[in-house]
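[1] give me coordinates for this.
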Amino acid sequence: MQNELYEQYLQLLAEIEGVITQLNEVEKRKIDAVHKDDLLAVDECIRQEQAISLTMRSLESRRRKQLTELGLSEVKLSGLAAAFPADLRQQAAVAAERLQNAYHDYNSISAAVRNALERGLREIDRMMQPPQPVQPPEALRAAAQAAQTGGLKSAPKLEGNAAKPGGEDNTQPRKKLDFGA
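    Purely as a prediction, here's the structure:
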């Protein structure tokens, strides 16, 4: 009877690994959709992730219950094989390793998806920002600064303070013309 509980737990671990593998496939499709700017596909992937998440919650609840029944609630996955009966240790080690690998793959893929989504959001944020004023090239800025400080005698001032032809001073703002509009 006791070996049967251990075997059921190994089957549950295989089921969890299958669901994580399924989640990895969804994540791969999602990153592909992000790179293609396919929002409908990204949305579909998110819906699939939510459904898988519910399945994972159920499996996790069953896993905790079975661990308690086996008296292994404090045993980590990495130490699972040592806590199993001798005739099932090899199967337990393989099941634990496969599950750990699937979870590691999930973490890697999910980090890549998160980075791609964040990059896309930053691009959208940049597009939503008002345009920044264009800075003049460095040489032009330097010439303007030198002219203002008197460093270049021949460079005209860029503020429009130069005298008008005929000797009029151009330091006062001009009135706007009204054409009756």
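[2] what's the local residue count around the nearest residue to Asp87 once chain neighbours are set aside?
    Spatial nearest neighbour of Asp87, excluding adjacent residues (CB to CB, 6 or more residues apart in numbering): Asn3 at 7.4 Å. Placement of C-beta: from N, CA and C, glycine included. Residues contacting Asn3 under the criterion other CB atoms under 10 Å number 11.
[3] pLDDT score assigned to the spatially most central residue of the chain?
    By CA atoms, centre = their mean, the chain has its centre lying nearest to Arg114, at 2.5 Å. With respect to pLDDT, Arg114 scores 89.
[4] look at it and give its secondary structure.
    At Arg114 the chain is in helix, as set by DSSP: H, G, I helix; E, B strand; the rest coil.
[5] past the one helix or strand the residue nearest to Asp87 maps to, which element shows up next along the chain?
    Using DSSP states H and E, Asn3 sits in helix 2-35. Per DSSP H and E, helix 2-35 leads on to helix 39-70 as the next helix or strand towards the C-terminus.
[6] show me what the helix or strand following that following helix is packed against.
    Moving toward the C-terminus from helix 39-70, the next helix or strand (DSSP H and E) is helix 80-83. Where contact means 3 or more CB pairs under 8 Å, 6 or more residues apart in numbering; DSSP states H and E, helix 80-83 is packed against helix 89-128.
[7] same question for the helix it packs on: list its buried residues.
    Going by neighbour count (16 or more other CB atoms under 10 Å), the buried part of helix 89-128 is 91-92, 95-96, 98-99, 102-103, 105, 109-110, 113, 116.
[8] likewise for stretch 61-74?
    63, 66-67, 70, 72.
[9] ditto for stretch 43-58
    By neighbour count with 16+ other CB under 10 Å, stretch 43-58 contains the buried residues 45, 48-49, 52, 56.
[10] any regions of this protein where pLDDT drops low?
    1, 134-136, 139, 150-181 (pLDDT under 70).
[11] make it 50
    Scanning the chain for pLDDT under 50 picks out the ranges 152, 155-164, 177, 179-181.
[12] residue contacts, the nearest residue to Ile20 once chain neighbours are set aside?
    Setting aside the residues directly before and after it, Ile20 is nearest to Ala102 in space (CB to CB, 6+ apart), at 4.2 Å. Neighbouring residues of Ala102 by CB atoms under 8 Å, 6 or more residues apart in numbering: 17, 20-21, 24.
[13] which of the residues you listed tops the neighbour count?
    Ranking the contacts of Ala102 using other CB under 10 Å puts Ile20 first, with 20 neighbours.
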